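1. Okay, predicted coordinates and the sequence, questions at the end:
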Amino acid sequence: MHKKHSFVHYPIFESYQNLVAFTSTKQSFATEKTRFTGDSPEIYTEPRKQLAEKLGIDVKQLVFPRQTHTDCVAEIDGIPNCEITETDALVTNQKGICICVQTADCVPVLLFDPKKLVIAAVHAGWRGTVKKIAAVAVQKMTAKFGSDPANIIAAIGPSVSPAIYEVGSEVTEAVLHSIPNAEKTIRLNSSGKNHIDLWEANRQVLLEAGLLIKSIEIIGECSFLENDKYFSARKEGAETGRMVSGIMLL
């Protein structure tokens, strides 16, 4: 992992010259409480402008969904002419479109098929994780673009770590019901409370979807514990800023 414009870049993608993939940090932008979607353009215009400048693209090439913890995956075949609502993942095979998700403890998952040249950006909180949204994105890549899951590579980005992510019975039961090899994702703390490993949960979802073990990278950085670097809704409150994770074919 290395920094460029204070972005996190992923080793698993570094050998591909036809790809840009990144996650921002608190140091990436001049604006505080950075947001990339919202009810009015004033909320996100300046952060998107700064992001486009750092990427060397037009701001219109940035595509964000309005995330609501769904398992909805939208196919992007051109620059949208309206907001993409009720959607938490984007898939495209179009060059020059930077598909993005924003997070502040939830898990960003970036997918790339180097054979068919297809990409996906996924937002997976615990609800999206148990709905297997990462697998839904893989299925969309397969159905729409002919991807073989065995060719897809994935990066699981910064989010709340299992050391911090204590959950109640609702989340534990949902994980046990939905996630393959769920016992690998649940940890009991000294107080008898469960912690969920969202990184491992998404890895298990991707493995079940057909990705190879060697093709999945977990960056392993905690948004809560590394709060000087990342936004954390759990630590700072829901109104804090957001990181952006994006991926683009060149």
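-> That came through, no problem. Numbering: from 1, shown residues only.

2. show me what contacts the residue nearest in space to the middle of the chain?
-> Central residue of the chain (Cα atoms, centre = their mean): residue 108, 1.6 Å from the mean position. Neighbour list for residue 108: 23, 101, 121-124, 156-159, 243, 245 [criterion: Cβ atoms under 8 Å, 6 or more residues apart in numbering]. C-beta here means a position set from N, CA and C on the backbone, and glycine is covered the same way.

3. Looking at the residues you listed, state which has the most neighbours.
-> residue 122 (33 neighbours; other Cβ atoms under 10 Å).

4. Name the residues that touch the host helix or strand of that residue?
-> Assigned by DSSP states H and E, residue 122 falls within strand 118-124. The contact list for strand 118-124, computed with Cβ under 8 Å, 6+ apart, reads 19, 65, 67, 73, 88-93, 99-103, 106-113, 128, 133-134, 137-138, 140-141, 145, 147, 198, 202, 245-249.

5. what's the spacing between it and its chain's center?
-> Taking Cα atoms, centre = their mean, to the nearest Å, one finds the center of strand 118-124 at 6 Å from the center of the full chain.

6. before we move on, back to that, now, which of the contacts of residue 108 sits nearest residue 173?
-> Nearest to residue 173, judged by Cβ to Cβ, of those is residue 124 at 18.1 Å.

7. Against residue 191, how distant is the closest one?
-> Per Cβ to Cβ, to the nearest Å, residue 124 is found 26 Å from residue 191.

8. And residue 61, by the same measure?
-> 48 Å.

9. neighbour-wise, which of those two wins?
-> residue 61 (15 against 6).

10. Run through the residues that contact the more buried one.
-> Neighbouring residues of residue 61 by Cβ under 8 Å, 6+ apart: 52, 79, 96-98, 248.

11. Would you format those residues as TSV with distance to residue 32 and neighbour count included?
-> Formatted as TSV, the contacts of residue 61 follow (distance: Cβ to Cβ, whole Å; neighbours: other Cβ atoms under 10 Å):
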residue	distance to residue 32	neighbour count
52	19	16
79	29	13
96	30	12
97	28	23
98	23	25
248	26	24
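
12. What about these, which are in strands?
-> 98, 248 (DSSP state E).

13. Please, where are all the helices along this protein?
-> With helices called from DSSP state H, the chain shows them at 41-55, 126-130, 133-145, 169-178, 198-208, 233-236.

14. need the ones you listed in TSV with mean pLDDT, can you?
-> Converted to TSV, the helices of the chain look like this (pLDDT from 0 to 100):
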stretch	mean pLDDT
helix 41-55	93
helix 126-130	97
helix 133-145	98
helix 169-178	96
helix 198-208	98
helix 233-236	94
